[in-house]
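J.: My questions concern the predicted model and sequence given below.
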Amino acid sequence: MKTEELNYNLPEELIAQHPSEQRDASRMMVVHRDSGTIDIDVYRNVSNYLYPGDCMVLNNTRVIRARLHGRKETGGRVEVFLLRELEPGSWIALVRPSGKVKPGCRVLFPAGLSATINEVFDDGRRQVQFNVSNVIQHLEKAGEIPLPPYIKRPESEEQDAHRYQTIFAAAPGAVAAPTAGLHFTDDVFFRLDSKKISRQFLTLHVGYGTFKPVTASTLEEHVVDGEEYEFSEETALALNRVRDRNSRIIAVGTTCTRVLETQYHGGAFHEGKGVTQVYIYPPYQFQAVDAIQTNFHLPKSSLLALVCAFAGTELIRTAYKKAIDERFRFYSYGDVMLIL
């Protein structure tokens, strides 16, 4: 499949720069695969489109304060964007300005945190060694929430600390939010519970690669970055029971979709953890997922490829055109799509 087939023109003003006033007030586009019809609603009514016995699967990763602003001992400013922990105190990171930060350079951050910037890898990333082992704990005082590159603000705002985080975030490790889950509220959970729609959790730490566009001319040539995940025995057993009673599994986000497809084999879900590099693009035969809740994605992205694989490229192209015509808000802080 040509990557260009995933391209579309989005007016810049439709890229959401701030979250909606209320999480569950986001607009919702409901795409019906069987009929090709499209409904428009608000997210707080999501339970109206689900059945008793259905199960929603959510990603409980927590976004860490991965962006650090510091100074070299000589005074020059340095930004360090943490990507992945190698071992306690040692991280892979992006460093700016990388060319002016030589291996062995020590950088001082707020709250007594410091780090030595070491080797440069082929892709320009750096190994960073901190003066403490429990870096994530120190980030609460020293770092800031890393907003996506398409949110054009000078810096994060106070509300981002909780709005760029799901209300069920529990496992620290992500550098980007699982944005399909940002729309949930306690009231939405109450409505789902009242209709006997259950929920289960898994963990996938969303990496910076989620923003990486597909630059190859065909989708097959692209390679997605690996992301760490954990899928518990409790969740696996619960989802197997959902399948046994012929109810539906709704993956909340492309992150959950990838983990569910990774851990489903031999006709059942199985517990597991590790790094998934599952890359889903058309044509793909889904086995683990019956419906997907997802935000609106960037052109020529692996996330959009997954959605097209699930609903069909033509139907998604039609849905995105309608979303633009209806002035939906796009990307991380934007509106939501439910594909049934």
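T.: It's in. Numbering: from 1, shown residues only.
J.: residue boundaries of the helices in the stretch 51-200 of the chain?
T.: 135-142, 160-163, 186-194 (DSSP state H, counting those that start in this stretch).
J.: In this structure, which residue is most central in space?
T.: P178 (3.2 Å; CA atoms, centre = their mean).
J.: How many residues are close by K273?
T.: 14 (other CB atoms under 10 Å). Backbone N, C-alpha and C define where each C-beta goes, glycine included.
J.: helix, strand or coil for it?
T.: Per DSSP: H, G, I helix; E, B strand; the rest coil, the local secondary structure of K273 is strand.
J.: list the contacts for the residue nearest to the centre of the chain?
T.: Shown in contact with P178 (CB atoms under 8 Å, 6 or more residues apart in numbering): 58-59, 61, 166, 204, 206, 252-253, 255-256.
J.: make it 6 Å
T.: P178 makes contacts with 59, 206, 253, 255, as judged by CB atoms under 6 Å, 6 or more residues apart in numbering.
J.: Report the beta-bridge partner residues of the first one.
T.: The reference is to N59. L202 (DSSP bridges).
J.: Next one: it from P97, what distance?
T.: 33 Å (CB to CB, to the nearest Å).
J.: same deal with L204?
T.: Distance, L204 to P97, by CB to CB: 31 Å.
J.: Those two - which one has more neighbours?
T.: Applying other CB under 10 Å to L204 and P97 shows that L204 carries more neighbours, namely 27 against 10.
J.: Surely that one and Y229 touch.
T.: Yes - L204 lies in contact with Y229 (CB atoms under 6 Å); the separation is 4.2 Å.
J.: Can you pull the residues that touch both of the two?
T.: Both L204 and Y229 are contacted by V259, under the criterion CB under 6 Å, 6+ apart.
J.: Note down every partner strand of the longest strand along the chain and its orientation.
T.: In the chain, taking DSSP state E as the definition, the longest strand is strand 77-87. Applying DSSP bridges to the sheet, strand 77-87 is found paired with strand 67-72 (antiparallel), strand 90-96 (antiparallel).
J.: C105 is nearest to which of these?
T.: The closest of the strands paired with strand 77-87 to C105 is strand 67-72. By CB to CB, the value is 5.9 Å.
J.: Could I get the CA-only coordinates of the closest one as CSV?
T.: The C-alpha coordinates for strand 67-72 follow below in CSV (Å, rounded to 0.1, in the frame of the first residue of the first chain):
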residue,chain,number,x,y,z
ARG,A,67,11.3,17.0,29.5
LEU,A,68,14.1,18.5,31.5
HIS,A,69,15.6,22.0,31.2
GLY,A,70,19.1,22.4,32.6
ARG,A,71,22.4,24.1,32.2
LYS,A,72,26.0,22.9,31.6
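J.: Let me know how buried the closest residue in space to G253 that isn't next to it in sequence is, in neighbour terms.
T.: Spatial nearest neighbour of G253, excluding adjacent residues (CB to CB, 6 or more residues apart in numbering): A180 at 3.5 Å. For A180, the count of nearby residues is 25 (other CB under 10 Å).
J.: Please apply the same query to G76.
T.: Neighbours of G76 (other CB under 10 Å): 13.
J.: Same check on E157?
T.: That count, for E157 with other CB under 10 Å as the rule, works out to 13.
J.: can you pull the pLDDT of it?
T.: pLDDT, E157: 88.
J.: phi, psi of it?
T.: phi -110, psi 170 (degrees, to the nearest 10).
J.: Enumerate every residue touching it.
T.: Contacts of E157 by CB under 6 Å, 6+ apart: none found.
J.: that older thread, in helices only, show me the contacts of P178.
T.: Among the contacts of P178, DSSP state H puts T255 in helices.
J.: now, the most widely separated pair of the contacts of P178?
T.: V206 and G253 (8.9 Å).
J.: And those two? Which one has more around it.
T.: G253 (26 against 22).
J.: List the residues that contact that one.
T.: Contacts of G253 by CB under 6 Å, 6+ apart are 59, 178, 180, 294.
J.: I'd like these as JSON lines, with pLDDT appended.
T.: Formatted as JSON lines, those follow (pLDDT from 0 to 100):
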{"residue": "N59", "pLDDT": "98"}
{"residue": "P178", "pLDDT": "98"}
{"residue": "A180", "pLDDT": "98"}
{"residue": "T294", "pLDDT": "98"}
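J.: Between those residues, which sits nearest G104?
T.: Taking CB to CB as the measure, G104 sits nearest to P178 out of the contacts of G253, at 36.5 Å.
J.: neighbours around the closest residue to K196 other than its chain neighbours, how many?
T.: Once flanking residues are discounted, K196 sits nearest to P52: 4.1 Å by CB to CB, 6+ apart. P52 has 11 neighbouring residues, counting by other CB under 10 Å.
J.: P52 against S198, yeah?
T.: No - P52 lies out of contact with S198 (CB under 6 Å); the separation is 9.5 Å.
J.: residues contacting V95?
T.: Contacts of V95 by CB under 6 Å, 6+ apart are 80, 101, 117, 126.
J.: wait, I meant W91
T.: With contact taken as CB under 6 Å, 6+ apart, W91 is in contact with 82, 85, 128.
J.: circling back to that earlier point, excluding covalently adjacent residues, which one is nearest to the residue nearest to the centre of the chain?
T.: Closest to P178 by CB to CB, 6+ apart is N59, at 4.0 Å.
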